[in-house]
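Visitor: 3D model of this:
(one chain, ligands or ions: 1)
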Amino acid sequence: MTEETMASESIDSILHEERLFQPPVTFATKARINTRERLQELQHQAENDYENFWAGLARQEITWQRPFQSILDSSRAPHFRWFHDGLLNVSYNCLDRHLAQHGQKTAIVFEGEQGDTRRISYTELHREVCRFANTLKNIGITHGDRVVIYMPMIPDAVIAMQACARIGAIHSVVFGGFSAESLKDRIEDAGARMLITADGGHRGGKIVELKAAADKALAKGCPTIEHVIVCRRTGHDIDMHAGRDIWWTDAVADAGEKCEPMWVDSEHPLFLLYTSGSTGKPKGIQHSSGGYLLGAITTMKWVFDIQDNDLFWCTADIGWITGHTYVAYGPLAVGATMLMYEGAPTVPDGGRFWDICERHKVSIFYTAPTAIRALMKLGDALPARHDLSSLRLLGTVGEPINPEAWMWYHHVIGQERCPIVDTWWQTETGCHMIAPIPGAMPTKPGSCTLPLPGITADVVDEQGNSITQPDKGGYLVIKKPWPSMLRTIWGDDQRYISTYWDKFSGKYYLAGDSARRDQDGYFWIMGRADDVIKVSGHRLGTMEIESALVAHPRVAEAAVVGRPDEIKGEAIFAYVVLRGKRPEGGIDEVLTGDLRTWVGEQIGPIAKPDDIRYADNLPKTRSGKIMRRLLRTIARGEEITQDTSTLENEGILLQLQGKE
Ligand code: WT7
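Guide: As a prediction, this is how the structure comes out:
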């Protein structure tokens, strides 16, 4: 937590939104949960006995190979265990159990950026997952081994994830936009034995060179990797390393179509997913099997109101938690049909999303505020060209949505017919935590509304006391464990405890966000309260970017902060102190270009600073602490009102402001 967030008045809210939107009648009449009473009943059950509330759902929603007796085991808190003596397989729950009645139902409708399409039924998906699972086994991957997946948004990526789940291997998906360097760090931290990648993917009219990046990562280290399976997607030329690399099609050629699932205990890690925190090193968030699956299923039903004839489209990449819970697992676990799209929203033009919605008749559409803002900026004519009448529910995730973008989504895309579910959650929480139940409660533009049944979210002050005064900001916490919570940080239990639990002495889970509640108890997320920024909904640690900058031979020191950006939510602002002289007038476009490229290579293009400002020093107190709040003020171009007299070197303020 940074020094300035301590002052709770600094996170008091200035935003006041009064509009209230009742569930549209046409939506509510058909919704699973469509009365306030039904919702209250769920909430009461959860409040009266939250352990049995979750246990009841776990028995009802999951097919267990061996039922659990133990519900919640807190003996090693905060390493909570849920349903730990139960045995299950997540892939079985996503595939096999639907085959008898829904084998012919489409599981995945795929569209590539270049327009190619593919429909895969549950029976076909099951067969492909079994074949690939057998392949992994034949190569020697077993229960508990880590497998890194670095793939484009194609069904094969889901097949790879499901195949790992089927044999009890732990996958760790690395977003295809991350660099070779980031891939290497994640492979090494996880100690992965295998890498599954593709020759490349199509994105933004270009080829993303996944295999080339993978080769670079492996050339630099990753001694634990024995084999690389390469899926052919783009068909362009790549290098194959004899003895190490195998084409997917060759690897599965003689794999059997039947693969008995490996029954694992509920706590068996299903996957690791690396995310940024307040240090330079990303953390491997470890999720369980049973508890995670339960969260994915309940939220598919409660928040997305998923029904048999829906076509569900979550635009998130499988490299993020959203692409895990609401692409690779949740929709399949409930036997739904989902759409998967490989490419960018702007190819061939900014109407691509609406075109896909129209042609495939998407009924539930879930995306990020940054995409909504970018598409809104392109004007109403693009969506107007498409028939969006198949849509019945819209969702957003990843960062706060500004009321203006919410209203545009509501009017222009939802045509006032579709509720909007603004879903607050995190990589760590596994599934939605604070989100509307769209058939049973009104929404407000910009608010993620109320915690879901069983989720004890609250806003507390520095001492951990609930803030009861409306609109007063504080720390967002979760007061009781929930099934889909993270279990630890891979290989670093201590960091798990210090990051999430120490602040409130092990009592509450600290989300890292600041939030407020209004007079109706609705939650309004105000942003991160730690050194994490959200750039186009992507989570980046400012320290990570600083470490990348400092690793450049010409950089002595760096400080990175976020500044508001109309489309991206936040943009990256870097203050850099060079070894040697500061450039004349603070401008060196060549070096700035080099540093941006450098950060792109160290982390990935999403982490490239938008602004770089050179100074002779950073604003430090006499004790050597960087005054980040001051840097944020300057990055926003605001007047400095804070006391700068404690600065060691007040003289650099003009340089930092770009005035000298
Ligand atoms: C952080 C988690 C959860 C999937 C995608 C992001 C921010 C997330 C919302 C929302 C306001 C939100 C928070 C949170 N965030 N959803 N609906 N309204 N802020 O996962 O990368 O783990 O990031 O995203 O700051 O802590 P993530």
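Visitor: phi and psi next, for residue 87.
Guide: phi -120, psi 140 (degrees, to the nearest 10).
Visitor: go ahead and confirm it touches residue 263.
Guide: Yes: contact criterion Cβ atoms under 8 Å: residue 87 and residue 263 qualify, at 4.4 Å. Where you see a C-beta, it was placed from the backbone N, CA and C, and this is true even at glycine.
Visitor: quick check: neighbours shared by these two?
Guide: 65-66 (Cβ atoms under 8 Å, 6 or more residues apart in numbering).
Visitor: those two: which has the busier surroundings?
Guide: For residue 87 versus residue 263, neighbours defined as other Cβ atoms under 10 Å are more numerous around residue 87 (18 against 15).
Visitor: pLDDT score assigned to the residue in the stretch 301-450 of the chain positioned nearest to the ligand?
Guide: In the stretch 301-450 of the chain, the residue that lies nearest the ligand is residue 427 (3.3 Å; Cβ to the nearest ligand atom). As predicted, residue 427 sits at a pLDDT of 98.
Visitor: and it, that's in a strand?
Guide: No: going by DSSP: H, G, I helix; E, B strand; the rest coil, the assignment for residue 427 is coil, not a strand.
Visitor: residue numbers of the chain in contact with the ligand?
Guide: Residues of the chain lying close to the ligand (Cβ under 6 Å from any ligand atom) are 275, 320-322, 397-400, 422-427, 448, 511-513, 525, 528, 534, 539.
Visitor: PyMOL command for the buried members of those residues?
Guide: To isolate the buried ones among the residues of the chain next to the ligand in PyMOL, judged by 16 or more other Cβ atoms under 10 Å, type:
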select buried, resi 275+320+321+322+397+398+399+400+422+423+424+425+426+427+448+511+512+513+525+528+534+539
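Visitor: list the residues that contact the spatially closest residue to residue 34 that is not a sequence neighbour.
Guide: Nearest non-adjacent residue to residue 34, counting by Cβ to Cβ, 6 or more residues apart in numbering: residue 439, 3.8 Å away. By Cβ under 8 Å, 6+ apart, the contact set of residue 439 is 23, 27-28, 30-34, 305, 419.
Visitor: now with 10 Å?
Guide: 23-24, 27-36, 38-39, 302, 305, 393, 419 (Cβ atoms under 10 Å, 6 or more residues apart in numbering).
Visitor: and for residue 202?
Guide: Counted by Cβ under 10 Å, 6+ apart, residue 202 has contacts 112-114, 116, 152-154, 208, 233-234, 342-344, 347.
Visitor: just list whatever residues bridge to it.
Guide: Beta bridges link residue 202 to residue 207, judged by DSSP bridges.
Visitor: where exactly do the helices run in the stretch 101-250 of the chain?
Guide: 122-139, 155-167, 180-190, 210-220, 248-252 (DSSP state H, counting those that start in this stretch).
Visitor: most packed of the ones you listed?
Guide: Sort these by mean neighbour count, taking mean count of other Cβ atoms under 10 Å, and helix 155-167 sits at the top with a mean of 27.
Visitor: what about it, distance to the chain center?
Guide: Put simply, helix 155-167 sits 19 Å off its chain's centre (Cα atoms, centre = their mean, to the nearest Å).
Visitor: which residues of the stretch 1-150 of the chain score low on pLDDT?
Guide: Low-confidence segments of the stretch 1-150 of the chain (pLDDT under 70): 1-16.
Visitor: return stretch 303-310 as CSV; C-alpha atoms alone will do.
Guide: This file holds the C-alpha atoms of stretch 303-310, laid out as CSV (Å, rounded to 0.1, in the frame of the first residue of the first chain):
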residue,chain,number,x,y,z
VAL,A,303,-25.0,-13.2,-13.4
PHE,A,304,-25.1,-14.3,-17.1
ASP,A,305,-28.5,-16.0,-16.6
ILE,A,306,-27.2,-18.6,-19.1
GLN,A,307,-29.8,-20.7,-20.8
ASP,A,308,-29.9,-23.5,-23.2
ASN,A,309,-30.5,-21.6,-26.4
ASP,A,310,-28.0,-18.7,-25.7
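Visitor: thinking again about what came up before, Throw the contacts of residue 202 into TSV and include neighbour count, thanks.
Guide: Output for the contacts of residue 202, formatted as TSV (neighbours: other Cβ atoms under 10 Å):
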residue	neighbour count
112	19
113	20
114	12
116	10
152	27
153	26
154	22
208	20
233	24
234	19
342	21
343	22
344	16
347	17
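Visitor: residue in the stretch 101-250 of the chain nearest to the ligand?
Guide: residue 175 (10.5 Å).
Visitor: the closest residue to that residue other than its chain neighbours: neighbouring residues, count only.
Guide: Sequence neighbours aside, residue 319 is the residue nearest to residue 175 in space, at 2.7 Å (criterion: Cβ to Cβ, 6+ apart). Residue 319 has 24 neighbours, counted by other Cβ under 10 Å.
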